[in-house]
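Undergrad: Any chance you can model this:
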Amino acid sequence: MNGYIILFFLSGPLILAISKLWLGPKFDKNKTIQSQFNYFLIETMAYLVFAGLVYYLVLKRFY
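TA: Below you'll find the predicted structure:
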(Lines give C-alpha, C1' and ligand atoms only; values in the text may rest on other atoms or scores of the structure.)
Protein backbone atom coordinates (compact mmCIF):
# COMPACT_ATOMS: atom_id res chain seq x y z
CA MET A 1 0.00 0.00 0.00
CA ASN A 2 2.81 2.44 0.77
CA GLY A 3 4.24 2.04 -2.72
CA TYR A 4 0.94 3.10 -4.26
CA ILE A 5 0.75 6.18 -2.07
CA ILE A 6 4.27 7.21 -3.05
CA LEU A 7 3.33 6.67 -6.69
CA PHE A 8 0.17 8.76 -6.13
CA PHE A 9 2.18 11.71 -4.86
CA LEU A 10 5.06 11.46 -7.34
CA SER A 11 3.25 10.71 -10.60
CA GLY A 12 1.48 14.07 -10.82
CA PRO A 13 4.59 16.25 -10.46
CA LEU A 14 6.48 13.95 -12.81
CA ILE A 15 3.82 14.35 -15.50
CA LEU A 16 3.75 18.11 -14.91
CA ALA A 17 7.54 18.28 -15.18
CA ILE A 18 7.57 16.42 -18.47
CA SER A 19 4.79 18.52 -19.94
CA LYS A 20 5.95 21.93 -18.74
CA LEU A 21 9.73 21.67 -18.76
CA TRP A 22 10.37 19.31 -21.68
CA LEU A 23 7.41 19.51 -24.05
CA GLY A 24 6.42 23.10 -23.29
CA PRO A 25 9.50 24.84 -24.69
CA LYS A 26 9.40 22.66 -27.81
CA PHE A 27 5.84 23.58 -28.77
CA ASP A 28 5.53 27.09 -27.32
CA LYS A 29 8.49 29.14 -28.48
CA ASN A 30 7.08 32.44 -27.15
CA LYS A 31 7.39 31.61 -23.44
CA THR A 32 10.74 31.65 -21.71
CA ILE A 33 12.04 28.73 -19.67
CA GLN A 34 11.75 30.91 -16.53
CA SER A 35 8.00 31.34 -17.01
CA GLN A 36 7.62 27.63 -17.81
CA PHE A 37 9.48 26.79 -14.59
CA ASN A 38 7.32 29.19 -12.55
CA TYR A 39 4.14 27.61 -13.91
CA PHE A 40 5.58 24.18 -13.12
CA LEU A 41 6.24 25.17 -9.49
CA ILE A 42 2.77 26.67 -9.06
CA GLU A 43 1.05 23.65 -10.60
CA THR A 44 3.13 21.22 -8.56
CA MET A 45 2.26 22.97 -5.30
CA ALA A 46 -1.43 23.02 -6.25
CA TYR A 47 -1.30 19.32 -7.14
CA LEU A 48 0.41 18.38 -3.88
CA VAL A 49 -2.12 20.33 -1.80
CA PHE A 50 -5.02 18.74 -3.70
CA ALA A 51 -3.47 15.26 -3.52
CA GLY A 52 -2.90 15.70 0.22
CA LEU A 53 -6.53 16.66 0.72
CA VAL A 54 -7.72 13.70 -1.33
CA TYR A 55 -5.45 11.39 0.64
CA TYR A 56 -6.58 12.59 4.06
CA LEU A 57 -10.27 12.97 3.24
CA VAL A 58 -10.84 9.94 1.01
CA LEU A 59 -8.05 7.40 0.96
CA LYS A 60 -7.19 7.43 4.66
CA ARG A 61 -10.73 6.44 5.56
CA PHE A 62 -10.61 3.30 3.45
CA TYR A 63 -7.04 2.13 4.13
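Undergrad: in the protein, which residue is closest to the centre?
TA: Taking CA atoms, centre = their mean as the criterion, residue 13 is the residue nearest the geometric centre of the chain, at 2.7 Å.
Undergrad: Leaving out the residues flanking it, which one is nearest to that residue?
TA: Spatially, and ignoring its direct neighbours in sequence, residue 13 is nearest to residue 44 (4.7 Å; CB to CB, 6 or more residues apart in numbering). In this view, the C-beta of every residue, glycine as well, is placed from N, C-alpha and C.
Undergrad: With residue 8 instead?
TA: Among residues not flanking residue 8 along the chain, residue 51 sits closest, at 6.5 Å (CB to CB, 6+ apart).
Undergrad: and the helix or strand of the chain with the lowest mean pLDDT, what other elements does it pack with?
TA: Taking mean pLDDT, DSSP states H and E as the measure, the helix or strand of the chain with the lowest value is helix 60-62, at a mean of 74. In terms of contact count using 3 or more CB pairs under 8 Å, 6 or more residues apart in numbering; DSSP states H and E, helix 60-62 is assigned no packing partners among helices or strands.
Undergrad: Next, count neighbours for residue 20.
TA: Burial of residue 20, expressed as a neighbour count using other CB atoms under 10 Å, amounts to 23.
Undergrad: pLDDT value on the closest residue to it other than its chain neighbours, please?
TA: Leaving aside its chain neighbours, residue 20 sits nearest to residue 40 (4.1 Å; criterion: CB to CB, 6+ apart). The pLDDT attached to residue 40 in the predicted structure is 90.
Undergrad: can you tell me how far residue 40 sits from residue 34?
TA: When CB to CB, to the nearest Å is the yardstick, residue 40 and residue 34 sit 11 Å from each other.
Undergrad: And those two? Which one has more around it.
TA: Neighbours of residue 40 and residue 34, each counted by other CB under 10 Å, are more numerous for residue 40; the result is 17 against 8.
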